[in-house]
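K.L.:
Got a predicted structure here, sequence first:
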Amino acid sequence: MIPNDFIQTLLGRVDIVEVVDRHVPLKKAGANYQACCPFHSEKTPSFTVSPTKQFYHCFGCGAHGTAIGFLMEHAGKSFPEAVEELARDAGLTVPRDERAGEAASRDDTADLTGLMLTAAKFYRARLRASSTAIDYLKSRGLTGNVAARFGIGYAPEAWQPLAEAVPDYDDAALERAGLVIRGEGDKRYDRFRDRIMFPIHDSRGRVIGFGGRVLGKGEPKYLNSPETALFSKGRELYGIYLARNAIRAAGRVVVVEGYMDVVALAQHGVEYAVATLGTSTTPVHAQKLFRLTDSVVFCFDGDAAGRKAAWRALENTLPVLQDGKDARFLFLPDGEDPDDYVRARGKAAFEAALARATPLSEYLVAELTVRHPPDTAEGRAALLAAARPLLSQINAPILGTLLRQRLATVTGLPEGDVAALLGQAADAPSSRRSDPTRASRRLPVRRAPSLARELLQGFLLQPSLARGVELPPLGDTSADAHALRAVVELCGAAHGELTAAGIVQSFIGTAHEAAVADALASAEDQAITPEVAAESIRAGIARYWQQAELAGTALAPADMPSTPEQTERRRQLDFVRRPDGGDAKNSGNGLETR
């Protein structure tokens, strides 16, 4: 578990505007930033991001939250993943309140990471000792510098070569890391044997897996690490850690199919290439790539297998594609992969080919017309039927509109008919509109605030002022009153800095989430500043006690301002009743209890 105090610190350190802008281009609008909501289709921006409150909300669909919530909602991350990403960007290390099982799991992960690093060093050392492996890499045009940069190694042709590198070859952690296989009769042997070894790094640069290319003949030609606690091929991309800076500098990334393609391109100066790991491009891959750059070029062989892989990449890119992001497809001549192409023609020719890559929209329409020629009514019907599930995944409203226009031209139907047949952009993510949870969180633009609402707004904007505040016994049973009490209790028990975003995050998923988010959103709509909130809090607390006193549920503290009638009533009550409820009498020298 991640301590709540750290969440408060983290949300006070990150800038939600920067986080959201990576995914949804924002425009300045007064003190805030706006965009068309990424969670539903709209033409007029109603999605607002507040840099002062570190909070986003949409007045159209009710979506709201913090930087953590945005990464969970928009990028599909789990809570720990969102926190880890933000902490990494902020230069923080995530602490954890660990139970025994959780601590053991993290210790195991650390052990596996250590084993993978040990194995990587072992394979690199064995490469230097293998003339056969070195000759193979030279035959592929690689230099020692590039091999060293990518940490390329060699797994010897033996059953248990790793036994030389680890203290205990029988350690079960070697199996969990995917380095050792247990065979019949509990015999153990290395997974990788007589292979060129390509270490796979995560976003932190840690070795989490390997890809092994067989030397000579043998199957499989490429062998990857299995799924482990460290490694998931559907989430990782080969070379992305080393290519990050080059991707940002070039303003694009090239996605290829193999390890050697990435290394060969880097050898020739194209250092912004990454590769999938023996699997199709996944939505997680696409999300990672579009976080680094606005332009992604998928480069595949021109054969049937390459075109199948390209179509799969298109299908998995559509759901994460946003207006302003650009996905393209480059098909190389049959029989050539990027490694062959760049070695034969050089960097300039390869980059010229990249510039001619086909935009996703053109590739989608062209492929549909090949599969379903629009020469007949039946063909046009089949084409639109095939297009419908694809367009339903698009969350980029402008791109979706332009594609419907293009399909109208191809099929010869009026644009309105095509839009009706395929469904408007709103129909694709309409689950967000029809989601009863979101509907219950719809944020009104205006509402007449109660005193509890005013105080709730004030403490959200000035949470430090909630410390030490005493509220009267609960007479007001509204949702705002319950949320106000919960916020005051949270602030009173918290340590360290408190922020509006941190408070909102603390109540996500609770009965008070809607009231807290609604109060903060309405404070934004009413342009209530922290200074105004601070001025109104003390008077508001006094009035809150006075209301409770007049309702007979509580007596306001003596230091609170009150009307003359209330002051006299308090004096009379103080004269005949002690604070603890005991009776008193006038003894001439003051109050005496009996």
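P.N.:
Structure received. Residues are numbered from 1 along each chain as shown.
K.L.:
Any figure for the gap between the residue nearest to the spatial centre of the chain and H23?
P.N.:
For the chain, L71 is the residue whose C-alpha lies nearest the centre (Cα atoms, centre = their mean; 3.5 Å). Using Cβ to Cβ, to the nearest Å, we find L71 at a distance of 9 Å from H23. (Each C-beta comes from the backbone N, C-alpha and C, glycine too.)
K.L.:
Same question for M197.
P.N.:
From M197 across to H23, the span is 36 Å (Cβ to Cβ).
K.L.:
And the two? Which one has more around it.
P.N.:
Taking neighbours as other Cβ atoms under 10 Å, M197 and H23 compare with M197 leading, 24 against 19.
K.L.:
Can you verify that one is assigned to a helix?
P.N.:
No. Counting by DSSP: H, G, I helix; E, B strand; the rest coil, M197 is not part of a helix but strand.
K.L.:
Pairing partners for it in the sheet, please.
P.N.:
Beta-bridge partners for M197, by DSSP bridges, are G153, G212.
K.L.:
Was I right to think it contacts V207?
P.N.:
No. Contact criterion Cβ atoms under 8 Å: M197 and V207 do not qualify, at 10.4 Å.
K.L.:
between these two, what contacts are shared?
P.N.:
Residues touching both M197 and V207 by Cβ atoms under 8 Å, 6 or more residues apart in numbering: A120.
K.L.:
Next, count neighbours for G30.
P.N.:
Around G30 there are 8 residues (other Cβ under 10 Å).
K.L.:
The closest residue to T529 other than its chain neighbours and L520, how far apart?
P.N.:
In space, and not counting its chain neighbours, T529 is closest to L461: 7.5 Å by Cβ to Cβ, 6 or more residues apart in numbering. From L461 over to L520 the distance is 8 Å, taken as Cβ to Cβ.
K.L.:
Find the residues that touch each one of those two.
P.N.:
K53, A500.
K.L.:
what's stretch 111-129 in contact with?
P.N.:
So stretch 111-129 is contacted by 133-134, 147, 151-156, 161-162, 164-166, 173-174, 176-177, 179, 192, 196-197, 199, 206-210, 228-230 (Cβ under 8 Å, 6+ apart).
K.L.:
in that stretch, what's buried?
P.N.:
Within stretch 111-129, the residues scored as buried using 16 or more other Cβ atoms under 10 Å are L112, T113, L115, M116, T118, A119, A120, F122, Y123, R124, R126, L127.
K.L.:
Show me the residues you listed that map onto helices.
P.N.:
Counting by DSSP state H, the part of the buried residues of stretch 111-129 found in helices is L112, T113, L115, M116, T118, A119, A120, F122, Y123, R124, R126, L127.
K.L.:
Adding distance to T276 and pLDDT, write those out as CSV.
P.N.:
Listed next are these as CSV, based on distance: Cβ to Cβ, whole Å; pLDDT from 0 to 100:
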residue, distance to T276, pLDDT
L112, 23, 86
T113, 23, 87
L115, 25, 94
M116, 20, 95
T118, 27, 96
A119, 22, 97
A120, 21, 97
F122, 26, 97
Y123, 22, 97
R124, 24, 97
R126, 27, 96
L127, 24, 96
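K.L.:
right, and out of those, which lies closest to H372?
P.N.:
M116 (47.4 Å; Cβ to Cβ).
K.L.:
Next one: that closest one from Y189, what distance?
P.N.:
Per Cβ to Cβ, M116 is found 18 Å from Y189.
K.L.:
go on, D5?
P.N.:
D5 is 48 Å from Y189, by Cβ to Cβ.
K.L.:
Make TSV out of the ones in helices among the buried residues of stretch 111-129 and add distance to L413.
P.N.:
Putting these into TSV (distance: Cβ to Cβ, whole Å) gives the following:
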residue	distance to L413
L112	57
T113	57
L115	60
M116	56
T118	63
A119	59
A120	58
F122	63
Y123	59
R124	61
R126	64
L127	61
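K.L.:
Would you mind listing where the stretch 101-250 of the chain has pLDDT under the threshold?
P.N.:
The stretch 101-250 of the chain contains residues with pLDDT under 70 at 101-110.
K.L.:
could you redo the last one with a cut-off of 90?
P.N.:
101-113, 182-186, 202-206, 215-220, 227-235, 248 (pLDDT under 90).
K.L.:
Spell out the residue ranges of the helices in it.
P.N.:
Shown for the stretch 101-250 of the chain, the helices assigned by DSSP state H, counting those that start in this stretch span residues 131-139, 144-149, 173-176, 240-250.
K.L.:
and P38, how many neighbours?
P.N.:
23.
K.L.:
so what's the backbone phi/psi at it?
P.N.:
Main-chain dihedrals, P38, degrees, to the nearest 10: phi -80, psi -10.
K.L.:
heads up, I number from 809, so please use that
P.N.:
Understood, numbering begins at 809; the last thing we discussed is P846.
K.L.:
Now for it: which residues touch it?
P.N.:
With Cβ under 8 Å, 6+ apart, P846 has these contacts: H831, V832, F855, H882, Q1130, N1203.
K.L.:
Inside strands: which ones of those?
P.N.:
Members of the contacts of P846 lying in strands (criterion: DSSP state E): F855.
K.L.:
which among the contacts of P846 gets closest to Q1313?
P.N.:
Distances from Q1313 to the contacts of P846, taken as Cβ to Cβ, are shortest for H882 (15.7 Å).
K.L.:
Test my guess that that closest one contacts A843.
P.N.:
No. Using Cβ under 8 Å, H882 is not in contact with A843; the gap is 11.5 Å.
K.L.:
follow-up on the earlier one: wait, isn't the residue nearest to T1337 in contact with A1341?
P.N.:
Yes. Using Cβ under 8 Å, L1269 makes contact with A1341 at a distance of 4.0 Å.
K.L.:
Need the overlap of contacts for these two.
P.N.:
A1331.
K.L.:
So between those two, which is more surrounded?
P.N.:
L1269 (24 against 20).
K.L.:
how far away is that one from V1296?
P.N.:
14 Å.
K.L.:
now K946
P.N.:
Relative to V1296, and taking Cβ to Cβ, K946 is found at 71 Å.
K.L.:
can you pull the contacts of the residue nearest to the centre of the chain?
P.N.:
Per Cβ under 8 Å, 6+ apart, neighbours of L879: V827, K885, E889, A890, E893, L894.
K.L.:
Going by secondary structure, V1104 is in what exactly?
P.N.:
strand 1103-1109 (DSSP states H and E).
K.L.:
partners of that strand, with directions?
P.N.:
Using DSSP bridges, strand 1103-1109 pairs in its sheet with strand 1061-1064 (parallel), strand 1134-1140 (parallel).
K.L.:
How far does the next helix or strand after the first one sit from its chain's centre?
P.N.:
I take that to be strand 1061-1064. Scanning forward in sequence from strand 1061-1064 by DSSP H and E, the next helix or strand is helix 1067-1075. Helix 1067-1075 sits 29 Å away from the centroid of its parent chain (Cα atoms, centre = their mean, to the nearest Å).
K.L.:
helices or strands up against whatever helix or strand comes next after helix 1067-1075?
P.N.:
The helix or strand immediately downstream of helix 1067-1075 is strand 1081-1083, counting by DSSP H and E. Contact here means 3 or more Cβ pairs under 8 Å, 6 or more residues apart in numbering; DSSP states H and E; on that basis strand 1081-1083 packs against helix 1048-1058, strand 1061-1064, helix 1067-1075.
K.L.:
Okay then, goodbye and thanks.
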